[in-house]
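In: got a sequence here, can you build the structure:
(one chain, ligands or ions: 1)
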Amino acid sequence: MTNMDALLSKKIIGEFKASLRGVLVLPGDDEYDRGRRVWNGMIDKHPAMIAYCGDAGDVIKSVAFARTHGLLTAVRGGGHNVAGNAVCDNGIVIDLSRMKGIEVDAKSRIARAQAGMTWGEFDSATQAAGLATTGGIVSRTGIAGLTLGGGIGWLMRKFGVTCDNLFSVELATADGRLVTVNGQENQDLFWGVRGGGGNFGIVTEFTYRLHEVGPVLAGTVYYPASKCREILQFYRDYIAAIPDGLTTMFAYMAAAGIPSLSRLLHGGPVVAIHVCYTGPAEAGKKALKPLLDFGPPLLNVVRSMPYIELQSMLDSGAPPHMHNYWKSAYLNNLSDAAIEVLDAFSKTMTSPLSQVHIQHLGGAVKRTGEDVMAFSHRSALCVLNIVTKWEGLRGSEQHMQWTRDLEAAMRPHSTGGVYVNFLGEEGEDRIKAAYGPAKYARLAALKSKYDPTNFFRLNQNIQPAAGKSLDQMEHGANT
Ligand SMILES: Cc1cc2nc3c(=O)[nH]c(=O)nc-3n(C[C@H](O)[C@H](O)[C@H](O)COP(=O)(O)OP(=O)(O)OC[C@H]3O[C@@H](n4cnc5c(N)ncnc54)[C@H](O)[C@@H]3O)c2cc1C
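Out: The predicted structure is shown next:
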């Protein structure tokens, strides 16, 4: 029996349950064990209840119920966050995953989507009209968490990060109001929700700008793992001169998920360069030529494909419920010394399921001003993400240590900044590093205005500022 069961009578829980359009799942219910799981298999929490909200009204009711009864509150969209803050022990999980309504206005190129959608669901609705906006690289990731932290993906160099394409959100505040947040209403909050994560309230609906996205020239070129250093050197030089329509990602990974290579390499590692070109096909072929001409690849699967096919291309490398431990950093360059470190660690990777990703930024990501919103570190060259994964508990400490060691060895080559959506439970200093001191202070002032009691604290938490008002912060510090 949890503490909350003891504190809350059956009658109170029953009344709350009856008030919802959605479903309240309690310990002992058939759905409970499935419902308490998230993507990262390392997370094993036992909430007192899971409120699967049916609409924004349910979200408001759940916030009010949690406040009245002093319940620790977690908020879940797609459940993909590696830190696992979307669930909690003993408290309430406010789950939006059943809120999947979407309206696509093809003429105005706008989509209004409820917060429970995944990118796969969102993309298939917008692509029906030949449109898309920047989303993540795996189709099962939730639009909510990804958008609120920034959102990097295949279309970012052409159209900006996801939150650059955000027009408006509907947000349930800690004091139980549903407010519209955009460039006209609650502007201060609009600055904060674009990168500041779930700190300010629960978003029930997002409105995005869409772009015309026809078939993309996309796929992967694979090379032998033994060429890791050479490929990284090539990659560094190649990305220095590519057009904005081309987004690329380097990966050191197992060949296990690629049947033809897996047989050849017995599931061993490969080096991959994933690409997506959006725009006229001829220009795309020209942009990709140096890559396709470089050395004999093991396999080249670059071709014209629908954007939604690309969006699920990497899904098999990110299965749910495996143990995941990530470390990430922004890099300003890929110096020979940095490449040496990456090459050396590729040879000592402890779990064959792990991957090391380098996602190249630049283009439209860099062109938006650093002060425009909370999302930060736009001028970095790329994001390094060490995606360590394994099955079961065996070897956990060894895998985590390899990850920490690689992150430490790459620290001298990092900008010192980190992308908030790739953070695990890494403490306040790393959260501050996601924004830099001045922007963190502005976020803290915003937090004290909209959530002074830190009701929404299961996230990459920004502590409410004591003292300085938001006004002072906005006029005293802009970066
Ligand atoms: C396999 C995989 C691939 C990924 N690929 C990318 C990528 O390509 N690009 C990228 O930028 N990121 C990527 N990420 C990181 C991803 O952006 C974050 O994990 C993000 O938090 C996931 O959103 P979610 O809704 O699925 O997460 P959840 O775990 O449901 O939520 C994460 C946090 O977001 C907040 N939150 C969720 N929903 C709401 C809401 N409606 N209102 C307010 N706060 C809310 C809560 O604080 C919650 O703890 C990837 C992650 C994984 C596991």
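In: roughly how far does Leu342 sit from Leu334?
Out: 8 Å (C-beta to C-beta, to the nearest Å). Any C-beta I mention is one placed from the backbone N, CA and C, and that applies to glycine too.
In: whoops, I mixed them up, Ala128
Out: Ala128 is 39 Å from Leu334, by C-beta to C-beta.
In: neighbour count for these two, which is higher?
Out: More neighbours surround Leu334 than the other of Ala128 and Leu334, with 23 against 11 (other C-beta atoms under 10 Å).
In: excluding sequence neighbours, find me the nearest residue to that one.
Out: Setting aside the residues directly before and after it, Leu334 is nearest to Arg236 in space (C-beta to C-beta, 6 or more residues apart in numbering), at 4.1 Å.
In: need the residues of the stretch 301-450 of the chain near the ligand, please.
Out: Of all the residues in the stretch 301-450 of the chain, those in contact range of the ligand (C-beta under 6 Å from any ligand atom) are Ala318, Asn421.
In: tell me where the stretch 301-450 of the chain has strands.
Out: Listed in chain order, the strands of the stretch 301-450 of the chain (DSSP state E, counting those that start in this stretch) span residues 303-305, 323-331, 355-360, 382-390.
In: which SS class is Thr207?
Out: strand (DSSP: H, G, I helix; E, B strand; the rest coil).
In: OK, contacts around it?
Out: With contact taken as C-beta atoms under 8 Å, 6 or more residues apart in numbering, Thr207 is in contact with Ile110, Ala111, Arg112, Ala113, Leu166, Phe167, Ser168, Val169, Asn182.
In: element containing the second one, please.
Out: What it means is Ala111. Assessed by DSSP states H and E, Ala111 sits inside strand 110-114.
In: do that strand and the ligand come into contact?
Out: No: Strand 110-114 lies apart from the ligand when judged by C-beta under 6 Å from any ligand atom; the minimum separation is 9.1 Å.
In: quick one, what contacts the residue nearest the centre of the chain?
Out: For the chain, Leu146 is the residue whose C-alpha lies nearest the centre (C-alpha atoms, centre = their mean; 3.8 Å). Listed by C-beta under 8 Å, 6+ apart, the contact set of Leu146 reads Gly78, His80, Trp119, Gly135, Gly136, Thr162, Asn421.
In: could you do His266 as well?
Out: Under the criterion of C-beta under 8 Å, 6+ apart, the contact list for His266 is empty.
In: look at it and report its pLDDT.
Out: Taken from the predicted model, the pLDDT recorded for His266 is 71.
In: what do you get for Met473?
Out: 55.
In: next one: Ile273
Out: Predicted confidence (pLDDT) at Ile273: the value is 97.
In: name the next helix or strand following the host helix or strand of it along the chain.
Out: Taking DSSP H and E as the criterion, the element that holds Ile273 is strand 269-277. Proceeding C-terminally, strand 269-277 gives way to helix 281-293 as the next helix or strand, assigned by DSSP H and E.
In: show me what the helix or strand just after that next one is in contact with.
Out: Counting by DSSP H and E, the next helix or strand C-terminal to helix 281-293 is strand 299-300. Contacting residues not belonging to strand 299-300 are listed as Gly219, Thr220, Val221, Tyr222, Ile258, Ser260, Leu261, Leu292 [C-beta under 8 Å, 6+ apart].
In: taking the stretch 151-300 of the chain, what residue is nearest to the ligand?
Out: Gly198 (2.6 Å; C-beta to the nearest ligand atom).
In: isn't there a helix covering that residue?
Out: Yes: note on Gly198: a helix contains this position according to three-state DSSP.
In: looking at it, Arg404 is touching Thr350, isn't it?
Out: No: with contact defined as C-beta atoms under 8 Å, Arg404 and Thr350 do not form a contacting pair (11.6 Å).
In: quick one: low-confidence ranges for the stretch 351-479 of the chain?
Out: For the stretch 351-479 of the chain, applying pLDDT under 70 flags the ranges 467-479.
In: what segments of it are helices?
Out: Listed in chain order, the helices found in the stretch 351-479 of the chain under DSSP state H, counting those that start in this stretch are 364-367, 396-410, 428-435, 437-450, 470-476.
In: point out where this protein drops to low pLDDT.
Out: Applying pLDDT under 70 to the chain picks out residues 1-7, 257, 467-479.
In: recalculate using a threshold of 90.
Out: The model of the chain has pLDDT under 90 over residues 1-9, 253-269, 294-296, 316-317, 392-394, 466-479.
In: rewinding a little: any idea how far Trp402 is from the residue nearest to the centre of the chain?
Out: Leu146 sits 27 Å away from Trp402 when distances are taken as C-beta to C-beta.
In: quick one: name whatever helix or strand follows the helix or strand hosting the residue nearest to the centre of the chain.
Out: In the assignment (DSSP H and E), Leu146 maps to helix 143-149. Using DSSP H and E, the helix or strand that follows helix 143-149 towards the C-terminus is helix 156-159.
In: CA-only coordinates of that following helix, as CSV, when you get a sec.
Out: Backbone C-alpha positions of helix 156-159 (Å, rounded to 0.1, in the frame of the first residue of the first chain) are rendered in CSV as follows:
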residue,chain,number,x,y,z
MET,A,156,16.2,21.9,-38.6
ARG,A,157,18.9,23.3,-40.8
LYS,A,158,16.2,24.5,-43.3
PHE,A,159,13.3,25.4,-41.0
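In: following the chain onward from that helix, which element is next?
Out: Tracing the chain past helix 156-159, the next element assigned as helix or strand by DSSP H and E is strand 166-172.
In: from the middle of its chain, how far away would that next one be?
Out: What separates the centre of strand 166-172 from the centre of its chain is 18 Å, taken as C-alpha atoms, centre = their mean, to the nearest Å.
In: tell me the contacts of Leu232?
Out: By C-beta under 8 Å, 6+ apart, Leu232 lies in contact with Phe250, Leu334, Ile339, Leu342, Asp343, Ile358.
In: likewise for Phe167?
Out: Contact analysis of Phe167 by C-beta under 8 Å, 6+ apart lists Ile110, Asn182, Gly183, Thr207, Tyr208, Arg209.
In: now the first one: how far from Met313?
Out: Separation of Ile110 from Met313 (C-beta to C-beta) stands at 27 Å.
In: over to the fourth one?
Out: Separation of Thr207 from Met313 (C-beta to C-beta): 28 Å.
In: okay, and the beta partners of the residue lying closest to Pro215 once chain neighbours are set aside?
Out: Taking C-beta to C-beta, 6+ apart, and ignoring the residues beside it in sequence, Pro215 has Ser304 as its nearest neighbour in space, at 4.8 Å. Using DSSP bridges, the bridge partners assigned to Ser304 are Leu217.
In: shouldn't Ser304 be in contact with Leu217?
Out: Yes: taking contact to mean C-beta under 8 Å, the distance of 5.6 Å between Ser304 and Leu217 places them in contact.
In: cool, thanks, signing off.
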